[in-house]
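In: next comes the sequence, and after it the predicted model I'd like to discuss.
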Amino acid sequence: MSIITELKSRRAIRDYRDHAVEDEKIKELLEIATWAPNDRMREPWGFYVIRGEAKKRYEKLAEEFLQERFPTKPNLVQSSLKVLKNTPVHIVVTSDIVPEDEEASRDNEYAVCCAIHSMWLAAKDLGLGFVWRTRGVGLVHDKRMYQFIGAPENKKIIGNIFIGYPDEEALKKMKTSARTSFEEKTVWL
């Protein structure tokens, strides 16, 4: 399959089978991420793999967050927690902040986004489902997640990756994705 076909068929997979993801596959995703383009070879990414006992602590943290954020939406809280609990592994991805250099820090964020996208494409090749969370249950913008990963100095959380083996029944129910034509989004100068 061509890279163009792969890019057009990439999907956010949120439903997983009850099957652990092998260490070798997690390491392969992390390795692929390190090959992403990055300014001045700063290699600005950091990865925090969450599973096992850490995953149970994360689930508790996420439940507190969701109940605070959505006190009048118990169904939303429960459905979000179900997705979280059914996800075998999470990887929180950070970008290095370059003190007193806002432009370099922003460039680092772009590089980390490339790294995450590379992981996404590799996940499909490895038979894994993948979704990049930036809001809600991913806790990307919540200080508690930053503390959960150890409050690393000069790091910004860019995403929380949910990974697992896709639930085949859920895949069958997925709608075909459509995109607005590039022609509506492009200005030729």
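Out: Cool, the structure landed. All of these numbers come straight from a predicted model, not from anything done at the bench.

In: in its sheet, which strands sit next to the lengthiest strand in the chain, and in what direction?
Out: Ranked by number of residues, the top strand in the chain under DSSP state E is strand 155-164. Taking DSSP bridges as the criterion, strand 155-164 pairs within the sheet with strand 89-96 (antiparallel), strand 129-133 (antiparallel).

In: quick check: mean pLDDT across it?
Out: Averaged across strand 155-164, pLDDT comes to 97.

In: then stretch 123-137?
Out: Along stretch 123-137, the predicted confidence averages to a pLDDT of 92.

In: chain center to it: distance?
Out: Computed by Cα atoms, centre = their mean, to the nearest Å, the chain-centroid distance of stretch 123-137 equals 6 Å.

In: how about residues contacting that stretch?
Out: 6, 9-10, 12-16, 21, 25, 28-29, 62, 65-66, 69, 80-81, 83-84, 116, 119-120, 140-141, 158-167 (Cβ atoms under 8 Å, 6 or more residues apart in numbering). Where C-beta positions appear, they are placed from N, C-alpha and C, glycine not excepted.

In: buried stuff in it?
Out: Neighbour counts using 16 or more other Cβ atoms under 10 Å place 123-124, 126, 128-133, 136-137 of stretch 123-137 among the buried residues.
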